[in-house]
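S.K.: Model the following, please.
(chains A and B)
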Amino acid sequence: MSVERALEGTGAWLDDRLHGARGVRVLLRKIFPDHWSFLLGEIILYSFIILLLTGTFLTLWFQPSMSDVIYHGSYVPLRGVRMSEAYASTLHISFDVRGGLLIRQIHHWAADLFMAAIMAHMIRIFFTGAYRKPREINWLIGIVLFTLGMFEGLFGYSLPDDLLSGAGLRITEGILQSFPIVGTYLAFFLFGGPFPGHDIIPRMYILHVLVIPGVILALVTVHLFLMFHQKHTQMPGKGRTNENVVGAPMYPYFMAKTGAFFFFTFAALALAATFTQINPIWLYGPYNPVAMSAGSQPDFYMGALEGSLRMFPPWQWVFFGHTFAFNVFVPALLPLGIVFGGAAAWPFLEQWITGDRREHHLNDRPRNAPTRTALGIAMITFYGVLWAEGANDIIADHLDISLYLTTWIARIAWLVAPILAYIITKRICLGLQRKDAHLLEHGVETGIIRQLPGGEFIEETRPVDEEALAVLTSRNVPPPLPALVAAETEVPPPGMRGRLGKVRERLYNVVTESVPLPEPHGNGHGNGHAVEGNGHGQESLPAGSSTEPGGGEDQH
Amino acid sequence: MSDTNSPGQPGTGGPGDSSWPEYLTGAERHGASSSGPSGASAAEPEGRGGPRRVIGTPPPAAARTMLPPDGGAAGREAVRELPAGPEDPARAKRVEKLVAACFIIAGLAGLAFLVFYSTIGVGSLTRVLHSNLALGGSMALMFLLLGIGATLWVRHLMPAVELTEQRHPMASTQQERAAFKETFNEGAETSQFVKRPLIRRSLIAATVPLAVAPIFLLRDLGPLPGTSLDYTVWRKGLRLLVYGTNRPVTAAEFSTPGSIISVGPEGYLDDDDAMAKAAVTLIKFRPGEIVYGPPAKPGGATVRNTVVPNWTVDNIVAYSKICTHLGCPAALYEQTTHRILCPCHQSTFLATEGARVIFGPATRPLPQLPIGVDAQGYLIALSDFNQPVGPSFWERS
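M.R.: Sure, this is the predicted structure:
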């Protein structure tokens, strides 16, 4: 009853002014497809919200100042020690503000979760091909958000001005100095003079609490708006096509689920902050440029950069009285440049190679794009080697092997492991495709053995059910290469001429390599034969569009 | 495929039934029809399906409601798309109790949080520990139960439903694009921006100072580096003070072979800017361990992969502590192998041979500080380092 009154009272009041009834109604009924991996993006959003909430709490006490103070707070071991106000106020938050330590730890854990969820989300988007047209813009926004997150995290964990993060800043300064021509100027302008100076903490503070979060918030808004506007992609399944969205409406289903998920995210972070200590700055002590402890590690999302710096050989060029610190500049920029640049370029490169400029709303199964999946795994391997090398001292210590050996392993694995990963992944994908083809062709094994009149034993199979059929046959077949179409005319079409055309043709053959999809019959007698041919000219089989009988019975 | 989303799961009858599952069946029928031709949409009244429907999508009434296809629905008011209630009321009642229990306990946990906040307090390690456990535990419990309750609610009280919505191509139609182009050109024409290049060019020229203003405004972010990176505060006669105790050190005191201490220039130990370049490691060797190079000529270049003999005192050598890779303090020393290791990126320097690099990414040895003794026998610097310390930079020759 009260709901009725609210709708007629407040609702009418708002609608008189906003004309919202029509638009909001549509919004409430917006359909959201469901899949467990779609939750990854929500984790990012919720950890970001939690970061904003907890971060605001922390600013109420944190002093972004590098002025020297003598500590007199509750943490006895550091009493009387000279430290910066930033460090002292972080101790104050940890030991003299009720709930301060908890909120600080939630904030730090949330930052790590934010970055981890971004990685997982990007991996999901990449492997399912959800970045394809029309979603390239959102993919690029995502990469920018990842990069911003790295800087936001670096600046954030550097703010307490403890010994560990101070070393991170020192490394930042060294990297800036390595830039050709402008390096020393960059470093002096960022730090307000020689390292460490008195300006870096206040400057990072305003970047950390206002500028970068502001940009992230704006980009997240655009990201979500585009997701709404373009409608979410969906996984292949019965009744799901490239032209529809199948799922539950936003109100009440998605709202309730996502609300619950926000609570779960917060609960997980609160649990982590309650029972696992993170960034115990009181153990590191205040920053001073003379001390450093063994086993220093940055937060995990900076690990790849750290590893890259660790394993690079000592190469440096001196010419015309100038030093080019190749050994710093290149590992600081190149590997992550390859990962981010490659990720940003791939959707467009793939479009150029395959000539596939159609819209894609039905996600690929990773196995159905073997080259893409293999490239993705190769990239993850590449990143993973750098990341592991970033902790090589810990690895060497725990495995009781030589530190230098770990570095040498990384130096070789950096080049070899991605190639192996590519080859192995591609084989696995093609193998899985063959398995799918087999299922389609011969049906599902039932375990029933029958003896034929001739004495021969066979196993009975039954056709795959509709749901599985829709999934198995959901294969995006790229359009044929124009060269193949125009093969008879002898004149290569534009875009296929010259060297670049040759390159494209070869890449096309690599990228579109797939096991051809057989015609499904699965009549239980296993008499089918694999369809020969390269499958390139095959028609696309959108899931459920051509094979789905109307109103069929469920098979599970 | 998850069960909650499967349409038509319940084995209730066909479209004629009056309970909620018919809607699900309806949704499924729509799914099936979605691939079919999309005729008749133009004939549908606009209002019923909502403004989201676009031309080319199936008729909303047939698509998302249970109206029989024979048109018998004519005149009926909007039909529910979502089922009204759960299938099994008894089970729903049980779930309801469970959800309510979750929410009640969540509320109690929230109350407990407030109580713990008021009673435990902080100010000592023990209390901080207890406070963190109590506050965090109650907070986590509250959120966890809210999440569990909401999940039970949506999964077991809200009946499973699966609806289908049509997509339309992102691209606008040709007509829409043409109309946009026309409107845009009209505006451009009316504004005369294109027609009057004088206005256009002068406007663009006028914004140039604005565009480059940030470069000027940021100039005062810091002083220019100049040659400041080439020098440290070390100069002839400054005593080496032990970092931490601030006391000068004599060669006799520092006599245990293999030992290592951090020192800084007298008067600068609390100056982080100075120490960031001037920090020095003193290492004492056994006689004969050091590999000496040729004596340093005054002001001249030295061979950098051996120790300069007249810069040492009684087998004590002073190296810059600032790693030549990225400036971390090269703080680890392995006595038996005489290796100095930087913990940041593991550049390794051989202390007996002029701290030359034997592993890792650093390209240059740690610079050696020339040391001697003053009249009281304390160790002093003989001059500044003869080369810049720390990471490489462009202006370094």
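S.K.: distance between the longest strand seen in chain A and the chain's centre?
M.R.: Of all segments of type strand in chain A, defined using DSSP state E, the longest is strand A:444-451. Computed by C-alpha atoms, centre = their mean, to the nearest Å, the chain-centroid distance of strand A:444-451 equals 43 Å.
S.K.: repeat for stretch A:264-271
M.R.: On C-alpha atoms, centre = their mean, the centre of stretch A:264-271 falls 21 Å from that of its chain.
S.K.: Contacts for that stretch, please.
M.R.: Stretch A:264-271 has contacts (C-beta atoms under 8 Å, 6 or more residues apart in numbering or on different chains) with A:42-43, A:46-47, A:50, A:102, A:106, A:109-110, A:113, B:136, B:139-144, B:146-147. Placement of C-beta: from N, CA and C, glycine included.
S.K.: sorry, back to before: so does the longest strand of chain A get close to chain B?
M.R.: No. Using C-beta under 8 Å from any C-beta of the partner chain, strand A:444-451 stays clear of chain B, coming no nearer than 15.4 Å.
S.K.: counting contacts, what elements does that strand pack onto?
M.R.: Secondary-structure packing of strand A:444-451 (3 or more C-beta pairs under 8 Å, 6 or more residues apart in numbering or on different chains; DSSP states H and E): strand A:457-462.
S.K.: which of the residues in the host helix or strand of residue A:396 are buried?
M.R.: Element membership for residue A:396, per DSSP states H and E: helix A:392-399. Across helix A:392-399, burial judged by 16 or more other C-beta atoms under 10 Å in any protein chain shown covers A:392, A:393, A:395, A:396.
S.K.: which ones are touching residue 261?
M.R.: Chain wasn't specified; assuming chain A. A:39, A:42, A:43, A:46, B:147 are the contacts of residue A:261 under C-beta under 8 Å, 6+ apart.
S.K.: hm, I was asking about chain B
M.R.: Taking C-beta under 8 Å, 6+ apart as the criterion, residue B:261 is in contact with B:242, B:243, B:249, B:254, B:281, B:282.
S.K.: Could you report the pLDDT at the last one?
M.R.: For residue B:282, the pLDDT comes out at 95.
S.K.: from the contacts of residue A:261, which is closest to residue A:292?
M.R.: Ranked by distance to residue A:292 (C-beta to C-beta), the contacts of residue A:261 are led by residue A:43 at 34.5 Å.
S.K.: where along the stretch 101-250 of chain A do the helices fall?
M.R.: A:136-158, A:163-177, A:183-191, A:200-206, A:212-230 (DSSP state H, counting those that start in this stretch).
S.K.: Of all those helices, which one is nearest residue A:294?
M.R.: Of the helices of the stretch 101-250 of chain A, nearest to residue A:294 by C-beta to C-beta is helix A:163-177, at 11.6 Å.
S.K.: so what secondary structure elements neighbour that closest one?
M.R.: Judged by 3+ C-beta pairs under 8 Å, 6+ apart, helix A:163-177 is in contact with helix A:136-158, helix A:183-191, helix A:281-284, helix A:326-354.
S.K.: Columns distance to chain B and mean pLDDT on top of those, output as TSV?
M.R.: TSV is the format used below for the helices and strands packed on helix A:163-177 (distance: least, C-beta to the nearest C-beta, whole Å; pLDDT from 0 to 100):
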stretch	distance to chain B	mean pLDDT
helix A:136-158	11	97
helix A:183-191	4	94
helix A:281-284	9	94
helix A:326-354	5	94
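S.K.: Kindly reformat these as JSON lines containing distance to residue B:197 and mean neighbour count.
M.R.: Listed next are these as JSON lines, based on distance: least, C-beta to C-beta, whole Å; neighbours: other C-beta atoms under 10 Å in any protein chain shown:
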{"stretch": "helix A:136-158", "distance to residue B:197": "33", "mean neighbour count": "19"}
{"stretch": "helix A:183-191", "distance to residue B:197": "38", "mean neighbour count": "22"}
{"stretch": "helix A:281-284", "distance to residue B:197": "61", "mean neighbour count": "18"}
{"stretch": "helix A:326-354", "distance to residue B:197": "35", "mean neighbour count": "18"}
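S.K.: quick one on the thing from earlier: which of the contacts of residue A:261 tops the neighbour count?
M.R.: Among the contacts of residue A:261, residue A:46 has the most neighbours (other C-beta atoms under 10 Å in any protein chain shown), with 24 neighbours.
S.K.: Could you confirm whether the helix or strand hosting that one reaches chain B?
M.R.: Under the criterion of DSSP H and E, residue A:46 resides in helix A:39-59. No. For a cut-off given as C-beta under 8 Å from any C-beta, helix A:39-59 has no contacts with chain B; the smallest distance is 10.3 Å.
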